[in-house]
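A.B. asks: structure here, sequence nowhere to be found:
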């Protein structure tokens, strides 16, 4: 009865145990592994995420941040000048803040969508030639 009242009030439907605080701890895992760790099924986890405004599971974003952090730590370890160390520290701080922003604000995740660029013009022209849309003369 309480769940029906919450749905009627417009509150997002969230299966028990899939509160945002619980789910966000597993963003650095693949979604299937996170579902197992949360003792639920992947579709239910996806539904909970969408109710929080997360359209895609952020595992890849977190992996990219981890790689950036590792690179910056290596640069810091092998830096020869103070300027290089400062630069590496700045990258580490930016990665840390970005990771915190992702965890604290799920809307940040959906706002950072990388859109595919259209293929270069020469690729479009080659495709047009192959498919017959190139306008070239034909058999005779």
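C.D. replies: Structure received. Only a predicted model underlies this, so the values are computations on that prediction, with no experimental measurement involved. Numbering: from 1, shown residues only.
A.B. asks: where are the low-confidence patches of the protein?
C.D. replies: 1-14, 106-140 (pLDDT under 70).
A.B. asks: and the helices in it?
C.D. replies: 2-8, 20-24, 31-37, 42-51, 59-77, 82-104, 106-111, 121-131 (DSSP state H).
A.B. asks: mind listing what's buried along the shortest one?
C.D. replies: Going back to what we said before, that points to helix 20-24. 20, 22, 23, 24 (16 or more other CB atoms under 10 Å). In this view, the C-beta of every residue, glycine as well, is placed from N, C-alpha and C.
A.B. asks: could you find the closest non-adjacent residue to the last one?
C.D. replies: When the adjacent residues along the chain are set aside, residue 24 lies closest to residue 103, with 5.0 Å between them (CB to CB, 6 or more residues apart in numbering).
A.B. asks: hmm, that neighbour is touching residue 26, no?
C.D. replies: No. Residue 103 is beyond contact range of residue 26, at 10.8 Å (criterion: CB atoms under 8 Å).
A.B. asks: the residue nearest to residue 24: neighbour count?
C.D. replies: Residues lying near residue 103 (other CB atoms under 10 Å) number 18.
A.B. asks: any idea how far residue 88 is from it?
C.D. replies: Separation of residue 103 from residue 88 (CB to CB, to the nearest Å): 23 Å.
A.B. asks: with residue 31 instead?
C.D. replies: If you go by CB to CB, the gap between residue 31 and residue 88 works out to 32 Å.
A.B. asks: residue 26: neighbour count?
C.D. replies: When neighbours are counted by other CB under 10 Å, residue 26 comes out with 19.
A.B. asks: quick one, what contacts it?
C.D. replies: 33, 34, 37, 38 (CB atoms under 8 Å, 6 or more residues apart in numbering).
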